[in-house]
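Participant: Return a 3D structure for these sequence lines:
(one chain, ligands or ions: 1)
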Amino acid sequence: MEHLINHRVKNLEISGIRKFSNLVGQIEDMISLTIGQPDFPTPLHVKEAGISAIEHDVTSYTHNAGTMELRKAACEFVKKKYQLHYQPESEVIVTIGASEAIDITFRTILTEGAEVILPGPIYPGYEPVIRMMGAVPIHVDIRGHQFRFTLEAIKPYITEKTRCIVLPYPSNPTGVSLTETELKEIADFLADKDIFVLADEIYSELTFDRPHRSIATFLKDQTIVINGLSKSHSMTGWRIGFLFAPEAIAKHILKVHQYNVSCANSIAQKAAYEALTKGIDDALEMKKEYAARRDYVYERLQAMGLKAVKPEGAFYFFVKIPNETLNSSEFALKLAHEAKVAVVPGSAFSEYGEGYFRLSYAYSMETLENGLNRIETFLKNANY
Ligand SMILES: Cc1ncc(COP(=O)(O)O)c(C=O)c1O
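Facilitator: Just a heads-up that it's a prediction; the model follows:
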């Protein structure tokens, strides 16, 4: 029956991250620096709220958009933290992680042939959904721009078919975040155009050098903001995300969400409420630790002569491969087999990640030190 499968789904490839871990997963004594999730446990008080929800039978469907208490808390959170103003009644949807928010956004706004402009390298969660809609991903190669997706870089790719621009900042995999000036320039340019912005701000609580800013501050009417608790509260498995959009957009996205999943998990919603209220600043402690690790890893990479932009947010370094005769998969495989350190090949983040590898520092200092020692020895032995 396989010949009857939707050709768009058939043509999708499994993610490069998954492919790579299938290849190196069996190697013994490996130090993995690949992971894209925090290494901290979910805060205790949040876990207790989840337990209490089960004990108090909070186990039914909720409103499709999420419980009103959680929607209010989510709106309060983004108002307090990022000066964003959304109505809990009509402008926020509680989703199954940021992933579902991405899916239902594209399924609502894209039609066949629509073009979506994205920076490359980029997190691989957008392109498959765009393709399933029969729409066309247009990547902008920002490797030569210090990974900054500025108006200047975007402009040449705008056509009559452009329907959406993806702004995923702070960025996975580069750690770069756009400044207020850069965001405002993009917003001013788009203000009179029929183009949506999908702003994936899932790492917004993990910014090191300046507070996070959202393009929605300047362009609310055209922007869909995606956020969630996976990274800020170390809650990847709870699957809670948020989608903020003006009512005229949100009411249509809500229909797709409703027929897709009905609502997010009721128990996780209770835990999420606790995270956004009593746990409003839970990310700060984790961020302190990430910042210390970032500084440590940066120093070590520099001492080895490896080039990477110093991350402004999230918990990744995107490192230039020192030997240009190897592509990113070949380099990562060699490193895995010879040094027993796993990193993600840059090509997992679109073809514009080629020439780089992603190193996650969502690991203890001890693991980072051991992993970096191995990389250092590998580079010395290989004479790179
Ligand atoms: C940029 C980006 N967006 C979205 C997601 C998915 O988030 P969630 O686990 O909340 O679905 C990730 C996960 O790594 C990510 O890095």
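
Participant: Identify each buried residue in the lowest-mean-pLDDT helix or strand in the chain, please.
Facilitator: Across the helices and strands of the chain, the lowest-confidence element by mean pLDDT, DSSP states H and E is helix 16-24, at a mean of 85. By neighbour count with 16 or more other CB atoms under 10 Å, helix 16-24 contains the buried residues 16-17, 20-21, 23-24. The way it works is simple: take the backbone N, C-alpha and C, and place the C-beta from them, glycine included.

Participant: Nearest to Leu254 among these?
Facilitator: Distance to Leu254 across the buried residues of helix 16-24 (CB to CB) is lowest for Ile17, with 30.7 Å.

Participant: rewinding a little: dump the buried residues of helix 16-24 into TSV; add distance to Phe196 as well.
Facilitator: Shown next, in TSV, are the buried residues of helix 16-24 (distance: CB to CB, whole Å):
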residue	distance to Phe196
Gly16	27
Ile17	27
Phe20	32
Ser21	33
Leu23	37
Val24	38
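
Participant: mind listing what the closest residue to Ile240 other than its chain neighbours touches?
Facilitator: Spatial nearest neighbour of Ile240, chain neighbours left out: Ala272 (4.4 Å); criterion: CB to CB, 6 or more residues apart in numbering. Residues counted as contacts of Ala272 (CB atoms under 8 Å, 6 or more residues apart in numbering) are 70, 73, 94, 229, 235, 238, 240.

Participant: What sits closest to the fifth one if chain neighbours are left out?
Facilitator: Read it as Met235. If you skip the residues right next to it in sequence, Met235 has Leu229 as its closest partner in space, 4.3 Å away by CB to CB, 6+ apart.

Participant: Run a quick neighbour tally on the one you found.
Facilitator: Other residues near Leu229 come to 29 when the count uses other CB atoms under 10 Å.

Participant: Now do the contacts for it.
Facilitator: Residues in contact with Leu229 (CB under 8 Å, 6+ apart) are 235, 238, 240-241, 272, 275-276.

Participant: any idea how far Asp29 lies from the ligand?
Facilitator: According to CB to the nearest ligand atom, to the nearest Å, Asp29 and the ligand sit 26 Å apart.

Participant: do the same with Asp209
Facilitator: Relative to the ligand, Asp209 is positioned 19 Å away (criterion: CB to the nearest ligand atom).
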